[in-house]
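> Sequence and predicted structure, then a few things I'm wondering about:
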Amino acid sequence: MWKVTKFAIAGGVGFTIDFLFTWFFREQIGLNQYAANGIGFSMAVLNNFYLNKFWTFNNKSSVSLQFGYFIFFSLVGLALNTFLLFCFVHYCKLNFYLSKCLAIGLVFIWNFLVNNFITFKDQ
């Protein structure tokens, strides 16, 4: 249970980074909301890899292979996130940022499972 809590805390930091970058690129720079979402998501992924590797899972294995897995699974997560975001905004007619929160919450489950059992599994 402690791993899930730490993963959620790291995710909360990533969530904040994601939202700040998304907001900045969407509202201040004027990028398309999905491009801004991709930038925010990418910045959070970089942060979350290091937080999860060294804090959540306290894993000492090779960074390169794990980073490859993490990036791959994060890209799948980004695809899920973007698909859910699109569905919530266009079909459910929800606010963009509420939709983003819902998508992040659902993708959290995917992220924890693949990172716990594959990326950072105990050797």
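Received it, and whenever you're ready, just let me know what you need.
> CA only for contacts and neighbour counts going forward, please
Fine.
> Check which helices and strands the lengthiest helix in the chain sits against.
Determined from DSSP state H, the single longest helix within the chain is helix 63-90. Applying 3 or more CA pairs under 8 Å, 6 or more residues apart in numbering; DSSP states H and E, one finds that helix 63-90 contacts helix 33-51, helix 96-114.
> so how far is residue 76 from the residue lying closest to residue 69 once chain neighbours are set aside?
Nearest in space to residue 69, with sequence neighbours left out and distances taken as CA to CA, 6 or more residues apart in numbering, is residue 119 at 5.8 Å. Going from residue 119 to residue 76 by CA to CA, to the nearest Å gives 14 Å.
> Between those two, point out the one with more neighbours.
residue 119 (21 against 15; other CA atoms under 10 Å).
> Look up how far residue 71 lies from the more buried one.
Counting by CA to CA, the gap from residue 119 to residue 71 is 10 Å.
> Also residue 27?
Relative to residue 71, and taking CA to CA, residue 27 is found at 27 Å.
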